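Enquirer: Structure for this input, please:
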Amino acid sequence: MAKQISLDGRTLVGIANDEEGEVNGDTQFQFEQAGDRIYAQYSGGEIVEGHLIGAFDGSQWDIRYVQMNEDGDTASGHSTGEVSLLDDGRVRVEDEWAWESKPGTGESILEEIES
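Expert: The predicted structure is shown next:
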């Protein structure tokens, strides 16, 4: 049986994203987890402040996010992601996202940074 992954206390960064996304390598996500609920605050790069909340079953997440960029524009969206462990024990998320407040969809990859 696969080991249950927890996101609690982990910090992830964007390592790949489609052009319409604002998350990049300077964007850090600070995760908390309570049962099957996950929360994160994030900022960096173009993003001044962002928050996400959603459900996580240990291998997939289903989240909604809201953020403000450096221009003062707010945006919100929805994503689903496949969460896995890398060989070194860090977390990797392959995410499919869609803006809900404006046009645009894409795929991104987040990986945990070493603390």
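Enquirer: got the end-to-end distance for stretch 48-65?
Expert: Stretch 48-65 has an end-to-end distance of 14 Å (Cα to Cα, to the nearest Å).
Enquirer: biggest strand in the protein by residues?
Expert: If you go by DSSP state E, the chain has its longest strand at strand 74-85.
Enquirer: what does that one rub up against?
Expert: The list of residues contacting strand 74-85 from outside it, by Cβ atoms under 8 Å, 6 or more residues apart in numbering, reads 3, 5, 7, 22, 56, 58-69, 91-102, 110. C-beta here means a position set from N, CA and C on the backbone, and glycine is covered the same way.
Enquirer: which among the residues you listed end up buried?
Expert: Buried by 16 or more other Cβ atoms under 10 Å: 7, 22, 56, 61, 63, 65, 67-68, 91-93, 95, 97, 99, 110, out of the contacts of strand 74-85.
Enquirer: residue ranges with poor pLDDT in this structure?
Expert: When residues are selected by pLDDT under 70, those of the chain lie in 1-3, 115.
Enquirer: can you give me the helices in the protein?
Expert: Using DSSP state H, no helices are assigned anywhere in the chain.
Enquirer: any chance you could map the strands in it?
Expert: With DSSP E applied, the chain shows strands at 11-17, 28-34, 37-44, 47-56, 60-69, 74-85, 91-99, 105-112, listed in chain order.
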